[in-house]
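Novice: Attaching a predicted model along with its sequence, questions to come.
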Amino acid sequence: MNNFIKISCAIVLLLIIGCDQSYSPKPRGYFRIDLPEKTYIRLSENLPYSFEYPAYANITPDYNSPGETSWINVEFPGFNGSLHISYKAVNNDLNNFIEDSRALVQKHIPKANAIRESLIMNESKRVFGLVYEIDGKGAASPMQFYVTDSTTHFLRGALYFNVRPNNDSLAPVIDFLKADIQHLINTLEWQPALN
């Protein structure tokens, strides 16, 4: 029995000396995100605007605002996000719409590290406005914009994800969708306003 204890102690001692690596848990990781190929479809709904949106997106009505028939969502099911599009006909109230858009962006200031504005000016299509890129780990909407023709149409968009905001981990998806939103703005065309 005495030899058994000596041999057991020797084995334990060898294991302790031989294994000088310390254990450290792996850091928490995120799933790999496969980004689809960029192809676009022209919006064919009967709306006062038209644009090209990604083929991997779905167009749905805005069920939260049933009275607003020109409001839609561009859903990105593969990314669990959506671009909320709202539209208003301008009737001497353009400044109110612009100020409302600015106020909605400013609600993100407590969580934002920076808010960058980019001017939109397309004279040939009469599309003018601003794009807001909102940086910050906890900002709920990383990108918003508004465009108008200054006399008849006003369109606003806001990108949201159906997850807790963690824009550091969502950065590849946000950058990918920002390019799609820029394409949407660049291909925007006004249609006759619906009454």
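Specialist: Good, I have the coordinates.

Novice: residue closest to the middle of the protein?
Specialist: residue 159 (4.0 Å; Cα atoms, centre = their mean).

Novice: could you pull out the helices for this protein?
Specialist: 2-18, 94-106, 171-186 (DSSP state H).

Novice: any chance you could map the strands in the protein?
Specialist: 40-42, 49-50, 52-54, 58-61, 72-76, 81-89, 114-122, 127-135, 143-148, 153-161, 189-190 (DSSP state E).

Novice: So residue 126 is in contact with residue 120, correct?
Specialist: No - with contact defined as Cβ atoms under 8 Å, residue 126 and residue 120 do not form a contacting pair (11.2 Å). (Each C-beta comes from the backbone N, C-alpha and C, glycine too.)

Novice: For residue 83, find the nearest of the helices of the chain.
Specialist: Among the helices of the chain, the nearest to residue 83 by Cβ to Cβ is helix 171-186 (6.4 Å).

Novice: Turn the strands of the chain into CSV, columns for distance to residue 97.
Specialist: As requested, these are exported to CSV (distance: least, Cβ to Cβ, whole Å):
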stretch, distance to residue 97
strand 40-42, 25
strand 49-50, 14
strand 52-54, 22
strand 58-61, 21
strand 72-76, 17
strand 81-89, 6
strand 114-122, 15
strand 127-135, 10
strand 143-148, 7
strand 153-161, 5
strand 189-190, 15
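
Novice: Point out where the protein drops to low pLDDT.
Specialist: 1, 15, 18-32, 165, 167-168, 193-195 (pLDDT under 70).

Novice: Try it again at 80.
Specialist: The chain contains residues with pLDDT under 80 at 1-4, 6, 8-34, 138, 164-169, 192-195.

Novice: Just the endpoints, please. Distance across stretch 119-132?
Specialist: End-to-end span of stretch 119-132 (Cα to Cα, to the nearest Å): 9 Å.

Novice: Can you tell me what sits against stretch 122-135?
Specialist: If you take Cβ atoms under 8 Å, 6 or more residues apart in numbering as the criterion, stretch 122-135 is touched by 101, 105, 108, 112-121, 141-150, 167, 178, 181-182, 185-186, 188-190.

Novice: Narrow those to just the buried residues.
Specialist: Taking 16 or more other Cβ atoms under 10 Å as the criterion, what is buried in the contacts of stretch 122-135 is 101, 105, 108, 112, 115, 120, 141-149, 167, 181, 185, 188, 190.
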